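**Q** what shape does this take:
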Amino acid sequence: MPIATYAGMAVTINDEGFFEDPGQWTEAMAPEIARAQGIDELTEPHWQVIKFMRTEFAEKGTGPTVRVLGKTSGVSVKELYQLFPKGPAKMAAKIAGIPKPRGCI
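**A** Residues are numbered from 1 along each chain as shown. This next block holds a predicted model:
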């Protein structure tokens, strides 16, 4: 398994860059992961989605789909695509340190 270093900590990731162990993630890592994904700054709506993703993963064992995010996170689908232009569910999951949600290509 590949290793990445975020906020000075080495973490195990898979070949797509998703955390193998979401427990290794810290909030301090999120801005670095976001920058690597092309997001220069995490705003409050970004954090709202990131925290929602982590909560959903903790409760259900998988991250939510874009449809679920748009309906239940408090951020509209249109805004999700503005915040995470390369695919909201996939990008947000990566930044949140959780595995790629089911159904994401």
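**Q** quick one: residues contacting Ser76.
**A** Under the criterion of Cβ atoms under 8 Å, 6 or more residues apart in numbering, the contact partners of Ser76 comprise Gly70. C-betas here are computed from N, CA, C, even on glycine.
**Q** now it: how far from Val66?
**A** Between Ser76 and Val66 the computed distance is 11 Å (Cβ to Cβ, to the nearest Å).
**Q** with Pro88 instead?
**A** Distance of Pro88 to Val66, computed by Cβ to Cβ: 5 Å.
**Q** do you have the strands of this structure handy? List them.
**A** Assigned by DSSP state E, the strands in the chain fall at 3-6, 9-12.
**Q** max-length helix in the protein?
**A** The residue-count maximum for a helix in the chain (DSSP state H) belongs to helix 44-60.
**Q** name the helices or strands packed onto that helix?
**A** Packing partners of helix 44-60 (3 or more Cβ pairs under 8 Å, 6 or more residues apart in numbering; DSSP states H and E): helix 30-36, helix 66-72, helix 77-83, helix 88-96.
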